[in-house]
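**Q** Sequence and predicted structure, then a few things I'm wondering about:
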Amino acid sequence: MYWKVLNDNQQSEVHPKTLIVANQAEYEKTLQLMTDAGLRERVIGRISVEENDAGAVGHWKKIKQLSGVFSFNEIIFCAGTLSFRNIIDALQQIPRNITAKFHAVGSHSIVGSDSKDLGGETLTKENGYKLADPYNLRLKRLADVLTSGIFILSFPVHLFTVKKPVSFLTNCFLVLFGNRTWIGYAVNEKYLPVIRKGIIACNGTPVSYPQQFPEESLKMADQWYARDYEPVNDLRLLFKVYSKLGER
């Protein structure tokens, strides 16, 4: 497999100077992604996610002050120890001339986004989205069929453990017959592999619920889900939000 850098922003910097917001372990893994992509020279340091971290140039809550001390024009947020909520707070501090990119801990991609170009730059170890692979789509469909069948056969048990059990049973049949999928996208984007509408969004929120995160964050979550799809992650999320499977 080859690394691929896609850049739609024609005005990007020729030699970006990058700071990575992460703890030490997350930083090393992100740095390895950059190194494998031949972009190691971009990285000039790490911004900490915890107080009193001597190995960092500063704390994420002081990014605005850091921008006046260090010359950098790109920042990568690692979504792991640092929560989505904190990332959103940090984004409010970043000057307009600094590009923000995001790496989901455990994934093999860094996606770019700024106010001018949401798509920005995508750096990935995968050649495309895993969900675009027919094999993975078949695995996803198999997981839907098996779980729906098990839920239907054991429905009396779920009468006491699932909110809205009647709707839950309806959802089971919708998924079983291929009208819906248990885990889907948070928002609809044309550039992502086509899958059925979900009962639960890939960030764990029922699709019928109002989303608490901005659309930009939801699009990033969808990108990570499609790019790094693994059937076992669907199953883990399914049982994590089990009580909400009756939502529509």
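**A** Sure thing, it's come through.
**Q** neighbours of L39, just the number please.
**A** 17 (other C-beta atoms under 10 Å). No exception for glycine: its C-beta is placed from N, CA and C like everyone else's.
**Q** By residue count, which helix of this structure is the longest?
**A** helix 134-153 (DSSP state H).
**Q** and that helix, what's its mean pLDDT?
**A** Here helix 134-153 scores 94 as its mean pLDDT.
**Q** Pull the residues that contact that helix.
**A** 130-131, 158, 168-169, 172-173, 175-176, 178, 181-182, 193, 195, 229, 231, 234-235, 238, 245 (C-beta atoms under 8 Å, 6 or more residues apart in numbering).
**Q** Please narrow the residues you listed to those residing in strands.
**A** Using DSSP state E, T181, W182 are the members of those that sit in strands.
**Q** what helix or strand is the residue sitting nearest the centre point of the chain on?
**A** Residue closest to the average C-alpha location in the chain (C-alpha atoms, centre = their mean): A221, at 2.9 Å. Assigned by DSSP states H and E, A221 belongs to helix 215-227.
**Q** and that helix, what does it pack onto?
**A** Under the contact criterion of 3 or more C-beta pairs under 8 Å, 6 or more residues apart in numbering; DSSP states H and E, helix 215-227 touches helix 84-91, strand 99-104, strand 109-113.
**Q** Distance from that helix to the middle of the chain?
**A** 5 Å (C-alpha atoms, centre = their mean, to the nearest Å).
**Q** Same question for stretch 165-172.
**A** Worked out by C-alpha atoms, centre = their mean, stretch 165-172 lies 28 Å from the chain centre.
**Q** Could you list the buried residues of it?
**A** Buried positions in stretch 165-172, judged by neighbour count with 16 or more other C-beta atoms under 10 Å: P165, S167, F168, L169, N171, C172.
**Q** in this structure, which ranges drop under the pLDDT threshold?
**A** 1-15, 112-128 (pLDDT under 70).
**Q** before we move on, back to that, can you add mean neighbour count and distance to M34 and give the helices and strands packed on helix 215-227 back as JSON lines?
**A** Formatted as JSON lines, the helices and strands packed on helix 215-227 follow (neighbours: other C-beta atoms under 10 Å; distance: least, C-beta to C-beta, whole Å):
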{"stretch": "helix 84-91", "mean neighbour count": "17", "distance to M34": "19"}
{"stretch": "strand 99-104", "mean neighbour count": "23", "distance to M34": "10"}
{"stretch": "strand 109-113", "mean neighbour count": "22", "distance to M34": "8"}
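**Q** Please render the ones you listed as a markdown table that adds distance to K62 to the earlier fields.
**A** As requested, those are exported to a markdown table (distance: least, C-beta to C-beta, whole Å):
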| stretch | distance to K62 |
| --- | --- |
| helix 84-91 | 10 |
| strand 99-104 | 16 |
| strand 109-113 | 22 |
